[in-house]
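Asker: Sequence first, then the predicted structure, then my questions.
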Amino acid sequence: MARVSDVVLDRRLILGGAVMVWLLFATSLLMPYAYHGNQAMWELFKITVREQLNIPQFWRAVQEHPRVILNCTFLFTNTLMMVAPAVLRTWPQLSAWMALALALGAGAAGVRFFYAMAGDHLASGFYCWITSVLLMSGVCFWNCNSHFRAEQPLTDTPDPLN
């Protein structure tokens with residue numbers, strides 16, 4: 001049985017961890033993502049969204065290079081990262097789905113930029129970004145575990161059988 005103090009402490013640690021990871025994410029958006037350019041991650045994000053709005057041209061690019069379709073996940077992943085602390089605090093029952101979506105988004109970015117990572121062409125901004133997404137996924141899984149543990153009956157007295 002979970003004790004009240006354990007659940008409250010767990011909840012505070014989770015929300016504090018989510019805020020810290022979110023700050024890493026926000027910082028990564030201001031850092032350059034590649035060595036060959038001085039663009040920050042948020043500028044890459046703007047360019048990617050703008051390219052996706054021109055559907056015929058984007059579709060031709062996807063036909064030439066199929067990995068480009070993975071760029072579509074950036075909008076979804078970054079949006080989830082922006083709202084993650086609020087969702088974890090307000091709707092903890094959604095944290096398992098959020099963790100899965102963030103892990104898939106980080107995996108898609110890893111596949112999309114595999115050759116750039118292998119060739120050492122990416123700067124610290126990209127690695128901070130992907131690390132923050134994976135860490136937030138972990139925090140969401142932790143929150144899911146804590147949420148389901150909190151639904152058990154709570155007691156402040158120790159169990160005499162343990």
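Answerer: Structure received.
Asker: could you measure the residue nearest in space to the middle of the chain against Gln57, distance?
Answerer: In the chain, the C-alpha nearest the mean C-alpha coordinate belongs to Val133, at 2.8 Å (CA atoms, centre = their mean). Val133 is 28 Å from Gln57, where distance means CB to CB, to the nearest Å. C-beta coordinates here come from the backbone N, C-alpha and C atoms, glycine included.
Asker: ditto for Cys72
Answerer: On the measure of CB to CB, Cys72 and Gln57 end up 14 Å apart.
Asker: Could you do Ala106 as well?
Answerer: The value you get for Ala106 to Gln57, if CB to CB is used, is 27 Å.
Asker: Neighbour count: those two, which is higher?
Answerer: Ala106 (21 against 11; other CB atoms under 10 Å).
Asker: my guess is that one is in a helix, correct?
Answerer: Yes. Looking at Ala106 with DSSP: H, G, I helix; E, B strand; the rest coil, it is inside a helix.
Asker: Quick check: it touching Phe76?
Answerer: No. Counting by CB atoms under 8 Å, Ala106 stays clear of Phe76, with 11.7 Å between them.
Asker: My guess is Met117 contacts Ala123. True?
Answerer: No. If you go by CB under 8 Å, Met117 and Ala123 don't touch, sitting 11.3 Å apart.
Asker: who has more neighbours, these two?
Answerer: The residue with more neighbours, out of Met117 and Ala123, is Ala123; 18 against 15, by other CB under 10 Å.
Asker: shouldn't that one be in contact with Tyr33?
Answerer: Yes. Under the criterion of CB under 8 Å, Ala123 makes contact with Tyr33 at 5.9 Å.
Asker: coming back round to it: and the closest residue to the residue nearest to the centre of the chain other than its chain neighbours, how close does it get to Ser137?
Answerer: Leaving aside its sequence neighbours, Val133 sits nearest to Ala106 (CB to CB, 6 or more residues apart in numbering; 4.3 Å). Separation of Ala106 from Ser137 (CB to CB): 7 Å.
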